[in-house]
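Undergrad: whatever this is, show me its structure:
(chains A and B)
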2 protein chains.
Amino acid sequence: MTPGGYYEPPKPPASEPPPEWLKGEGEASDVVLSSRVRLARNLAGVPFSPKSGPKDRARSLELCRDQILLAGLASRIVWEDLHEATPIKRALLVERHVISKQLSKGRGGADEPRGVAYSVPDERLAIMVNEEDHLRIQAIRSGLALSAAYAEVDRADDLIEAGLDYAFSRRFGYLTACPTNVGTGVRMSVMLHLPALRLTGDIEKVKRAADGLCLAVRGFYGEGSEAVGDLYQLSNQTTLGKTEQEILSLLETDILPRIVEYERVARRELLTKRRTLLEDQAFRAWGLLNNARLLTTEEAMQMLSMARLGSICEILPVDSKTINSLFLLVQPAHLQRVMRTELDQEQRRSARATYVRSRLARG
Amino acid sequence: MTPGGYYEPPKPPASEPPPEWLKGEGEASDVVLSSRVRLARNLAGVPFSPKSGPKDRARSLELCRDQILLAGLASRIVWEDLHEATPIKRALLVERHVISKQLSKGRGGADEPRGVAYSVPDERLAIMVNEEDHLRIQAIRSGLALSAAYAEVDRADDLIEAGLDYAFSRRFGYLTACPTNVGTGVRMSVMLHLPALRLTGDIEKVKRAADGLCLAVRGFYGEGSEAVGDLYQLSNQTTLGKTEQEILSLLETDILPRIVEYERVARRELLTKRRTLLEDQAFRAWGLLNNARLLTTEEAMQMLSMARLGSICEILPVDSKTINSLFLLVQPAHLQRVMRTELDQEQRRSARATYVRSRLARG
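TA: Just a heads-up that it's a prediction; the model follows:
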């Protein structure tokens, strides 16, 4: 400890490798950070989560886990019993988008039987058990790749279904705990980085247009989370009355290319018509990231957003992949992991600033 | 012009030399930027400003100017007819604290006969003619030096009075246009830099204490101006019923040493007990000053304030005298002077950022 009572962090170790979806590769990766498809599935003959007791949950966990581990979903797959995991382990999985905040907490508390299987080291495929539904199967990819992600969950779904009896209605399709998921049970979403549209103020038009198309706009950590770092999660709201292919085609062929182009046009206009404003925003962020001694997660994300824009517009001397990985590494649990120690909130603000400076200095 | 429509400033020339009061020398200059004493005097037999017509003003201007230039006030003295000066020349004199905003404007408009005499190159002595009073005699020094400043105005007052008939009442003392100046006609003020007290929140206590002592607390540009850059002008309110020596002694021996010590204690406490907070504030300011591409005067002043604190606390690699001169050089008129061209507000924000970066890079 320094005389001032602040935690003096050790030299930061090499960073955690980011999951594949944060690698900044693939189609339209200047705007689309990642694409994610998840399916909601439930077992026939076992009460759904709102009506289930402890024995029911233990049973759905066992049935699902056994089948997932037998199904040959990926060359390497890891199972995590979340009721036995440490809080920091659960937080790491949330930050990496392997599990939801809801699954991390547990609907009935931390002891609630629940778990997750995920492919390593890529973390492209993850299957949550005893979230709101018995099964939540998700695939996540870098860039605009909803078709590929859908193909992956579809395949995983077939392999899992081969050994389990799903709750299915001829009339409604797949049955789910919440009626908003009934039907295909599919939710397709993309994580968009829209800093230029925020700077020009046109982001509100995108939100209104998304509303009109029955698409949900959420923050970096999904439902109920604020948009920080100009990162917006866009996803389909309706699962009933449309096939998976229709939803996929609407998003991937129709809507997303237009939003991507809208952001790119805004970036080009900033570069040509309001270059000083753009440079000001990018260099201010760069100055703060390289100088601040205390950083909250939120401020770090916002500054990283402007630095990513500055990188893509070739204003700042930094690789946008470095920024992508920092979006993850400034999160509380990851920060404690790279610092190899538990830190309170005050210590994290100091350690976060130190880590960001050292990471950017490495280039 | 760049394609974005922003003004691209030329390489900045060597900076304007700051007036002596900004040199950051003298007693307690870590806290007291400057000390200023001014006397309000009026001519007997010529109507005071609220009741004067154009002929009266021309007459008071002529009488005062002739005597000021004959009195041998300083080895070199410059006279400026302000009704003939360009707006930028007047703005430069305001920014250098040689004249007040009120005199710059002119009570009856820009053509109002009025002027100023000031010693060069030090600008320690200035005599405004046809401000609120016929004569406003001021002396201004670096650091805590009210006695020296008072001695200088007192001497100038004697030399001017030798050739003019002052309005004086045996009962009230010197008569002035506004009753708040009647009596000694003296106003003594200091410009304090109190960044640590602002950071600890104790600045409000100083303001309340000053109120209780009938002292006025104002901003960098006096009456009606906001405190920017943590710079506070503290001055006596009452001029009646106290001798000049009593006011001087109250301020210089009693009140100011206590405020100076209060700020120094706050700085030491920040350094020892909240060092990371202090470093964070200083380095953030440093990062912004060295990276921003657009700076308003107000933000520049605030960042310079933190940089000055960082310099004095030996956190930042910058001389506090460089910061002192930047307090002046970021002001609109000075900025246009060093850039050698007229700039609109938008262009100034860009030129200011460019100039600050180049000035800090020179060290």
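
Undergrad: C-alpha only now, for contacts and for neighbours.
TA: OK.

Undergrad: can you count the residues close to A:Pro18?
TA: As a burial measure, the neighbour count of A:Pro18 was computed by other Cα atoms under 10 Å in any protein chain shown and equals 19.

Undergrad: can you check A:Gly229 too?
TA: Every residue meeting other Cα under 10 Å relative to A:Gly229 is counted, giving 23.

Undergrad: residues touching it, list them.
TA: When contacts are counted by Cα atoms under 8 Å, 6 or more residues apart in numbering or on different chains, A:Gly229 is found next to A:193, A:195, A:298, A:301-305.

Undergrad: wait, which of the residues you listed is closest to chain B?
TA: Comparing the contacts of A:Gly229 against chain B with Cα to the nearest Cα picks out A:Met303 as the nearest, at 12.5 Å.

Undergrad: ramachandran coordinates for that closest one?
TA: The phi and psi torsions at A:Met303 (degrees, to the nearest 10) take the values phi -70, psi -40.

Undergrad: go on, A:Ala126?
TA: With angles defined as degrees, to the nearest 10, A:Ala126 shows backbone torsions of phi -140, psi 140.

Undergrad: same thing with A:Lys89?
TA: Backbone torsions of A:Lys89, given as degrees, to the nearest 10, read phi -60, psi -40.

Undergrad: need the nearest residue in space to it, chain neighbours excluded.
TA: With sequence-adjacent residues excluded and distances taken as Cα to Cα, 6 or more residues apart in numbering or on different chains, A:Lys89 is closest to A:Ala333, at 7.9 Å.

Undergrad: and that neighbour, backbone torsions?
TA: Per-residue torsions, A:Ala333: phi -70, psi -40 (degrees, to the nearest 10).

Undergrad: quick one: it and A:Ile88 touch, right?
TA: Yes: using Cα atoms under 8 Å, A:Ala333 is in contact with A:Ile88, at 6.0 Å.

Undergrad: more neighbours: which of those two?
TA: The residue with the greater number of neighbours, taking A:Ala333 and A:Ile88 and applying other Cα under 10 Å, is A:Ala333; the counts read 24 against 15.

Undergrad: what pLDDT does the more buried one get?
TA: A:Ala333 is assigned a predicted lDDT (pLDDT) of 94.

Undergrad: name the SS class of the residue nearest to the spatial centre of chain A, please.
TA: Using Cα atoms, centre = their mean, the residue of chain A that lies closest to the mean C-alpha position is A:His97, 4.1 Å off. Counting by DSSP: H, G, I helix; E, B strand; the rest coil, the backbone at A:His97 sits in coil.

Undergrad: could you export the helix or strand A:Ala210 falls within as PDB, CA atoms only?
TA: Element membership of A:Ala210, judged by DSSP states H and E, is helix A:203-212. Extracted in PDB, the C-alpha atoms of helix A:203-212 (Å, rounded to 0.1, in the frame of the first residue of the first chain):
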ATOM      1  CA  ILE A 203     -28.000   7.200 -33.100                       C
ATOM      2  CA  GLU A 204     -31.500   8.200 -32.000                       C
ATOM      3  CA  LYS A 205     -32.800   7.600 -35.500                       C
ATOM      4  CA  VAL A 206     -31.300   4.100 -35.500                       C
ATOM      5  CA  LYS A 207     -33.000   3.400 -32.100                       C
ATOM      6  CA  ARG A 208     -36.300   4.600 -33.500                       C
ATOM      7  CA  ALA A 209     -35.900   2.600 -36.700                       C
ATOM      8  CA  ALA A 210     -35.100  -0.500 -34.700                       C
ATOM      9  CA  ASP A 211     -38.200   0.000 -32.500                       C
ATOM     10  CA  GLY A 212     -40.300   0.200 -35.600                       C
END
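
Undergrad: now do the buried residues in that helix.
TA: Neighbour-count burial for helix A:203-212 flags A:203, A:206-207, A:210 (criterion: 16 or more other Cα atoms under 10 Å in any protein chain shown).

Undergrad: tell me which parts of the stretch 251-363 of chain A are close to chain B?
TA: Within the stretch 251-363 of chain A, the residues that sit near chain B (Cα under 8 Å from any Cα of the partner chain) are A:271-277, A:279-281, A:283-284, A:286-288, A:290-294, A:350.

Undergrad: kindly recompute the last result at 10 Å.
TA: With Cα under 10 Å from any Cα of the partner chain as the criterion, the stretch 251-363 of chain A meets chain B at residues A:269-295, A:350, A:353.

Undergrad: follow-up on the earlier one: what is the nearest of the contacts of A:Gly229 to B:Leu329?
TA: B:Leu329 lies nearest to A:Met303 out of the contacts of A:Gly229, by Cα to Cα, at 29.0 Å.

Undergrad: was I right about the closest one contacting A:Ala285?
TA: Yes: contact criterion Cα atoms under 10 Å: A:Met303 and A:Ala285 qualify, at 4.7 Å.

Undergrad: which neighbours do these two share?
TA: Residues touching both A:Met303 and A:Ala285 (Cα atoms under 10 Å, 6 or more residues apart in numbering or on different chains): there are none.

Undergrad: tell me, how many residues neighbour the closest residue to chain B within the stretch 101-250 of chain A?
TA: Here the stretch 101-250 of chain A gets closest to chain B at one residue, A:Thr200, 14.5 Å apart by Cα to the nearest Cα. A:Thr200 is flanked by 15 other residues according to other Cα under 10 Å.

Undergrad: hang on, it packs against A:Leu271?
TA: No: taking Cα under 10 Å as the definition, A:Thr200 is not a contact partner of A:Leu271, at 11.9 Å.
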